[in-house]
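Asker: I'll drop the sequence and a predicted model, then ask my questions.
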Amino acid sequence: MTEESRAGNREKLSIESRLGLVAFTIDSEPHIKLKECKDCKARYCLFVCPAKLYTEENGEIKFNYEGCLECGTCRIACPQDLDWNYPRGGFGAHYQYG
Ligand code: SF4
Ligand code: SF4
């Protein structure tokens, strides 16, 4: 397959399909821990996470760290100082390149 046709195939994939190509090795310990979300009015996390891992249920923020892409966007967007770390060695997202 030429570089050109490879690039063409990539362009046809939706974001959801691309995310489906990412493999994960799940750690038992969450690498991101939320703090006091109940008083947060901004709730930017609901809108900025590309993997849509933050959800709201009955006014409460729920977070699923297992599909985290390790992009760091929630860390920047959150008005609180999120307890944010990369997963431990060997865990987390495994991207396919090429
Ligand atoms: S933006 Fe931060 S503090 Fe606000 S709900 Fe989301 S994680 Fe919690
Ligand atoms: S680091 Fe990125 S993918 Fe992971 S939870 Fe935060 S915004 Fe979502």
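Answerer: Thanks, I have it. Ligands and ions are numbered 1, 2, ... in the order given.
Asker: any idea how far the residue nearest the centre of the chain is from Lys38?
Answerer: Residue closest to the mean C-alpha point of the chain, counted by CA atoms, centre = their mean, is Cys68 at 3.3 Å. Shown here: Cys68 relative to Lys38, a distance of 22 Å by CB to CB, to the nearest Å. Where you see a C-beta, it was placed from the backbone N, CA and C, and this is true even at glycine.
Asker: just so I have it, where are all the helices in this structure?
Answerer: 3-12, 15-20, 45-48, 73-77 (DSSP state H).
Asker: list the residues that contact Glu70.
Answerer: Counting by CB atoms under 8 Å, 6 or more residues apart in numbering, Glu70 touches 86-87, 92-93.
Asker: distance to Asp27, neighbour count and pLDDT for those residues - can I get that in CSV?
Answerer: Output for the contacts of Glu70, formatted as CSV (distance: CB to CB, whole Å; neighbours: other CB atoms under 10 Å; pLDDT from 0 to 100):
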residue, distance to Asp27, neighbour count, pLDDT
Tyr86, 10, 13, 97
Pro87, 5, 19, 96
Gly92, 7, 20, 96
Ala93, 11, 17, 95
